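*Asks:* Next one to model:
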Amino acid sequence: MMSKNIWEKIKDNVRGVQGKFKRSYVPTTTPEEVALANQLKMTLPSTIATYIYVSGEWDTMANRALSGSVILSTDTPAEQNAVLHQAISSAYEAELFAMVDALSAIDLVKRQTGHFVLVTGLTDFVRNYNDFTLAQHFSELPERPTSTDRLYHDFVQLAATYQSLRVVAGSEKDKQQTDFVAQKLNRMLAGYRDSRGK
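*Replies:* Below you'll find the predicted structure:
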């Protein structure tokens with residue numbers, strides 16, 4: 001039983017999503033997406049900051065959540081990531097996971113020397129981060145933490161390792177980048193549903 005759970009986790013976190021019964025594969029990144037992400041670097045508001053765009057999706061038909069991010073800076077290749085989740089049951093938590101995943105992917109030295117902007121669609125999260133409510137309540141885990149509490153706590157711990165991190169709500173100027181991540185996740189969810197015959 002334990003080996004099956006480990007195998008399921010591995011399948012959900014590899015660079016694609018493989019159906020359980022059908023032998024189909026949904027890549028997390030296509031050549032077209034690589035080219036488009038690198039084009040999007042040219043549309044960034046600032047050349048001195050690294051921009052992290054995140055998204056989370058929940059699909060009721062597939063009964064799965066998917067989180068994804070794209071990390072863009074003018075002087076390095078674009079980085080993309082997507083993770084399929086079994087234990088997350090909302091788009092909100094999936095987007096929180098995408099934030100934690102993206103922040104943890106950045107090298108510790110860069111965190112201390114660079115400037116970063118995290119762009120999310122979770123406006124309440126942006127408000128709670130910027131007015132320090134999040135840090136006040138989640139620097140330590142609550143006594144009986146929920147899965148959302150754990151993600152908040154992980155985010156607060158990671159944010160403390162960054163010298164310069166801004167968290168902002170996506171606006172019209174970010175539309176190309178946020179649409180890119182959302183479309184990527186929708187493509188993957190559609191492929192996952194097809195692989196399961198749903």
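*Asks:* Every contact and neighbour count from this point should use C-alpha atoms.
*Replies:* Noted.
*Asks:* pLDDT below threshold where in this structure?
*Replies:* Along the chain, the parts satisfying pLDDT under 70 run over 1-25, 196-198.
*Asks:* Can you show me the helices along it?
*Replies:* 2-13, 31-40, 91-105, 108-113, 123-130, 133-138, 147-159, 175-195 (DSSP state H).
*Asks:* which residues sit against the third one?
*Replies:* Meaning helix 91-105. Helix 91-105 is touched from outside by 52, 54-58, 65-69, 71, 81-82, 85, 88, 118, 120, 122, 148, 151-152, 154-155, 158-159, with contacts defined as Cα atoms under 8 Å, 6 or more residues apart in numbering.
*Asks:* Buried ones among those?
*Replies:* 52, 54-58, 65-69, 71, 81-82, 85, 88, 118, 120, 122, 151-152, 154-155, 158-159 (16 or more other Cα atoms under 10 Å).
*Asks:* which residues does F138 contact?
*Replies:* Taking Cα under 8 Å, 6+ apart, we find F138 in contact with 149, 152-153, 156.
*Asks:* what two of those residues are the furthest from one another?
*Replies:* By the measure Cα to Cα, D149 and V156 form the most distant pair in the contacts of F138, at 10.6 Å.
*Asks:* Neighbour count: these two, which is higher?
*Replies:* Neighbours were counted for D149 and for V156 using other Cα atoms under 10 Å; V156 has more, 21 against 18.
*Asks:* what's the span of stretch 159-179, first residue to last?
*Replies:* End-to-end distance for stretch 159-179: 25 Å, by Cα to Cα, to the nearest Å.
*Asks:* in it, what counts as buried?
*Replies:* Buried, per 16+ other Cα under 10 Å, within stretch 159-179: 159, 162, 165, 167-168, 170, 174, 177-178.
*Asks:* Switch those residues over to CSV; also include distance to A35.
*Replies:* Shown next, in CSV, are the buried residues of stretch 159-179 (distance: Cα to Cα, whole Å):
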residue, distance to A35
A159, 30
Y162, 29
L165, 27
V167, 26
V168, 26
G170, 22
D174, 18
Q177, 13
T178, 16
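*Asks:* between those, which is closest to E33?
*Replies:* Relative to E33, and with distances defined as Cα to Cα, the nearest of the buried residues of stretch 159-179 is Q177, at 11.5 Å.
*Asks:* Was I right to think that closest one contacts Y53?
*Replies:* Yes: using Cα atoms under 8 Å, Q177 is in contact with Y53, at 6.8 Å.
*Asks:* circling back: now intersect the contacts of helix 91-105 with the strands, please.
*Replies:* 52, 54-58, 65-69, 71, 81-82, 85, 118, 120 (DSSP state E).
*Asks:* So what sits opposite E57 in the bridge?
*Replies:* Note on E57: beta-bridge partners L66, judged by DSSP bridges.
*Asks:* same question, H85
*Replies:* A65.
*Asks:* residue contacts, it?
*Replies:* Under the criterion of Cα under 8 Å, 6+ apart, the contact list for H85 reads 12, 64-67, 94.
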